[in-house]
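> Got a predicted structure plus its sequence, pasted below:
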Amino acid sequence: MANKLHTTTDERLLQARSEGLKTQGSPLRPLGKLWGMDVFAWLNPTPGALLNTMQSFPFKIVWMAGREEVKDVLNEDVNLLNNIDSIVTYDASVFSFKDEWLDGLINCAGTDTVVDAFYFVDHLKAPKKILLFTASGEEVVEKVEKFENFIQLMKS
């Protein structure tokens, strides 16, 4: 009986942690280096915090994100495009970005899944770049787990 109660408590704690990650931002997490790039993941960042962080990075950014997240940040400050090398969206293969945004990007690709986005990122790899993965909204924990698993697989 005590074992069953313990398991139930553990399950509730895991569920509470997952819900907490979904509803509030988590800190920017460094994941080391991959292909000479510094890799970071961030769940539920606010547009303002994301903008400030991206502006402070010392290298150009390869940004994997959801379409609405990109729109929110670029609507705050279009000059962020000066810090971005590439954007790969993982939730929309059709772009609905402003023309001025697309004109300001070196590379832009859209896919329907996080896994599909990895194929593009593989072609964008270069030293002295930042690979930033951000996820907000639905299934945020699952998205970041797929990204982190990909990073670990590529490192091994």
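Thanks, I have the structure now.

> where does this protein dip in pLDDT?
Scanning the chain for pLDDT under 70 picks out 1-25, 94-95, 98-99.

> ok, now with 50
2, 13, 16, 20-23 (pLDDT under 50).

> what are the ranges of the strands in it?
29-34, 37-43, 60-65, 84-89, 107-110, 129-135 (DSSP state E).

> helices or strands up against the last one?
Applying 3 or more CB pairs under 8 Å, 6 or more residues apart in numbering; DSSP states H and E, one finds that strand 129-135 makes contact with strand 37-43, strand 60-65, helix 140-155. Every residue, glycine included, has its C-beta placed from N, CA and C.

> Deepest-packed of these, please.
strand 60-65 (a mean of 24; mean count of other CB atoms under 10 Å).

> which residues sit against stretch 114-127?
Here stretch 114-127 makes contact (CB atoms under 8 Å, 6 or more residues apart in numbering) with 34-37, 62, 64, 85-86, 88-90, 107, 109, 111, 131, 143, 146-147, 150.

> no wait, stretch 128-145
18, 21-22, 34, 36-45, 50, 54, 57, 59-66, 68-69, 85, 90, 114, 121, 125, 147.

> mind saving the C-alpha coords of that stretch as CSV?
What follows is stretch 128-145 as a C-alpha-only set of coordinates in CSV (Å, rounded to 0.1, in the frame of the first residue of the first chain):
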residue,chain,number,x,y,z
LYS,A,128,30.9,30.6,-34.2
LYS,A,129,27.1,30.5,-34.4
ILE,A,130,24.5,30.0,-31.7
LEU,A,131,21.9,27.3,-32.1
LEU,A,132,18.8,28.4,-30.1
PHE,A,133,15.7,26.3,-29.7
THR,A,134,12.7,27.9,-28.2
ALA,A,135,9.3,26.4,-27.6
SER,A,136,6.0,27.8,-26.3
GLY,A,137,2.4,26.8,-26.2
GLU,A,138,1.1,23.3,-26.6
GLU,A,139,3.3,20.2,-26.2
VAL,A,140,6.3,22.4,-25.1
VAL,A,141,7.8,19.7,-23.0
GLU,A,142,7.6,17.1,-25.8
LYS,A,143,9.2,19.5,-28.3
VAL,A,144,12.2,20.3,-26.1
GLU,A,145,12.7,16.6,-25.3
